[in-house]
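# just to be clear, the model below is a prediction. Sequence and coordinates:
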Amino acid sequence: MSLLDTTRPSTQGKLKPEKSLLYLQPHHQRSLRLYSSLSKFALSSFLFLIIFLFFSLLSSPSSASHRSKITNSLSGGSQWEKKVIKSARPKSRAGFTVLVTGAAGFVGTHVSVALKRRGDGVLGLDNFNHYYDVNLKRDRQKVLERSGVFVVEGDINDIKLLQKLFDVVYFTHVMHLAAQAGVRYAMQNPKSYVNSNIAGFVNLLEVCKSADPQPAIVWASSSSVYGLNKRVPFSEKDRTDQPASLYAATKKAGEALAHSYNHIYGLSITGLRFFTVYGPWGRPDMAYFFFTKNILKGKEIGVYETADGKSVARDFTYVDDIVKGCLAALDTAKNSTGSGGKNRGPAQFRVFNLGNTSPVPVSKLVSILEKLLKVKAKKKVLPLPRNGDVEFTHANISSAQTELGYMPTTDLEMGLKKFVRWYTGYYSGSKKKKSW
Ligand SMILES: O=C(O)[C@H]1O[C@H](OP(=O)(O)OP(=O)(O)OC[C@H]2O[C@@H](n3ccc(=O)[nH]c3=O)[C@H](O)[C@@H]2O)[C@H](O)[C@@H](O)[C@@H]1O
């Protein structure tokens, strides 16, 4: 029996090594014992390795499927990651790295393009829900792509996706515009408001508070939080505890949640109360948009008036003015003070009205549209339904003026002119559709 044979380990139990050792010289026996113990060591190491690999393999399918789940929800992979990083990279070191939620939405698109144009890095996030025409959102996405903004398709309620985005990119700022908008639709689908405006917002705040470094957050609240407030113009100091709609209640809840995350975790948070924003690439669920559509089609439009016979009025604010306010809010946002979920001192907390400061009756909005479209509207005056709409809004913007340098410059006539030009170009299917 050769030395090699006696050290063969696989059927060790059947061999009798001691007996075979008798046939060998003493120095051979010593070296054989040495080899034997070495081989035992090698064998046990080998077995240990096999067991280790076995357990690694056992655990890897779940982590692999976990990874693939993330990848699926992100339509991910390394190409995807490259796009994310490229889109989020600012042009210079001084530039911001901004996550814009609701990027394919009306205000989201305008803000994203403006940020990208001035050299900030912008990553968009949007769930492309079907609240209104998804084709319009997809066309906005094309505009964003042409500007170099990549939009990740996903929901703010998807915590794994958000964490992944924060793993891949250090966001200096979050511009949170994703929301379930619209006052009247809240009666039909209240859950979607709770899901986006409350649960989704908390999800985002959770990820932001745990991020290290924490980003500064600027987010869209709403003029609707003033609800039944009668003091005009609406000031940030006025009461906001009488919401008239579930939509308003979820935005008010957002403001309260923002305060608690600022207080507990040191997140720098700025809430912007938008006043009836309108303009090119707008939302088809808003009155100025579907009035235009229906006037052009010769369809009747319902114009609301109050119980005492006055037209309801809104402080309509042109989207470019809102964009300036958003950028100024980002520029003046101080850093969050916490890190990785721990508060290290008080952080900035702000709320600003972003309005136009000149309310216009809806009847006047209609007459401007008639003039611009050169079509007489088929108006039906209706009593203001009890659907959450309020009689009027009017912003006091002195705080935004002082601290953000915010100064709206577009009146309703000029703004609607720009909207109508876009609308007719976009829906005529002409080449203008492609222009921004
Ligand atoms: O300022 C805001 O925060 C809110 O502004 C708008 O809400 P709203 O002002 O109600 O805008 P529209 O739905 O476009 O209504 C504009 C005006 O037209 C009136 N209206 C609406 C619909 C209609 O058929 N007839 C009519 O007269 C409304 O009562 C309102 O006075 C947005 O839809 C909300 O998402 C946003 O949060």
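All right, it came through fine. Bear in mind that the values here come from a model prediction, so they are computed numbers and not experimental data. Numbering: from 1, shown residues only.

# show the model's pLDDT score for residue 339.
Among the per-residue scores, residue 339 holds a pLDDT of 83.

# list the contacts for the residue of the stretch 1-150 of the chain at minimum distance from the ligand?
Going by C-beta to the nearest ligand atom, the ligand is nearest to residue 106 of the stretch 1-150 of the chain, at 9.4 Å. Any C-beta I mention is one placed from the backbone N, CA and C, and that applies to glycine too. With C-beta atoms under 8 Å, 6 or more residues apart in numbering as the criterion, the residues that contact residue 106 are 140, 277, 279, 281-283, 319.

# tabulate those residues in TSV, adding columns for secondary structure.
Shown next, in TSV, are those (DSSP: H, G, I helix; E, B strand; the rest coil):
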residue	secondary structure
140	helix
277	strand
279	coil
281	coil
282	coil
283	coil
319	helix
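
# of these, which is the nearest to residue 376?
residue 282 (22.8 Å; C-beta to C-beta).

# verify the contact between the closest one and residue 288 for me.
Yes: contact status for residue 282 versus residue 288: in contact at 7.3 Å, counting by C-beta atoms under 8 Å.

# the more surrounded of these two?
For residue 282 and residue 288, the more surrounded residue by other C-beta atoms under 10 Å is residue 288, and the numbers stand at 24 against 20.

# and the helix or strand in which that one is found, does that touch the ligand?
Using DSSP states H and E, residue 288 sits within helix 287-296. Yes: counting by C-beta under 6 Å from any ligand atom, the ligand has neighbours in helix 287-296: 287-288.

# buried residues in that helix?
287-289, 291-292, 295-296 (16 or more other C-beta atoms under 10 Å).

# what's the closest of those to the ligand?
For those, with the ligand as the reference and C-beta to the nearest ligand atom as the criterion, the closest is residue 287, at 3.5 Å.

# and the closest one, how far is that from residue 377?
Distance check for residue 287 against residue 377: by C-beta to C-beta, to the nearest Å, it reads 12 Å.

# residues contacting whatever residue of the stretch 101-250 of the chain ends up closest to the ligand?
The shortest separation between the stretch 101-250 of the chain and the ligand is 3.3 Å, found at residue 222 (distances taken as C-beta to the nearest ligand atom). Contacts for residue 222 (C-beta under 8 Å, 6+ apart) come out as 247-248, 251, 273-274.

# now it. Nearest residue, chain neighbours left out?
Nearest non-adjacent residue to residue 222, counting by C-beta to C-beta, 6 or more residues apart in numbering: residue 251, 4.4 Å away.

# quick check: that neighbour touching residue 223?
No: taking C-beta under 8 Å as the contact criterion, residue 251 and residue 223 are not neighbours in contact, 9.2 Å apart.

# wait, residue 314 sits on residue 360?
Yes: with contact defined as C-beta under 8 Å, residue 314 and residue 360 form a contacting pair (6.6 Å).

# which of the two has more residues huddled nearby?
Each of residue 314 and residue 360 had its neighbours counted (other C-beta under 10 Å), and the higher figure belongs to residue 314 (25 against 19).

# which residues sit in contact with the more buried one?
275-276, 359-360, 362, 365, 392-393.

# filter those residues down to the ones close to the ligand.
With C-beta under 6 Å from any ligand atom as the criterion, the members of the contacts of residue 314 in contact with the ligand are 275-276, 362.

# including distance to residue 232, could these go into CSV?
As requested, these are exported to CSV (distance: C-beta to C-beta, whole Å):
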residue, distance to residue 232
275, 13
276, 15
362, 17
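
# just the ones of those residues in helices?
In helices, judged by DSSP state H, the following of those are found: residue 362.

# adding neighbour count, write the ones next to the ligand among the contacts of residue 314 out as TSV.
Listed next are these as TSV, based on neighbours: other C-beta atoms under 10 Å:
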residue	neighbour count
275	27
276	23
362	21
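
# buried residues in the strand or helix carrying residue 142?
With secondary structure defined by DSSP H and E, residue 142 is part of helix 134-146. Of the residues in helix 134-146, 136-137, 139-141, 143-144 count as buried by neighbour count, 16+ other C-beta under 10 Å.

# and residue 174, what are its bridge partners?
According to DSSP bridges, residue 99, residue 217 are recorded as the beta-bridge partners of residue 174.
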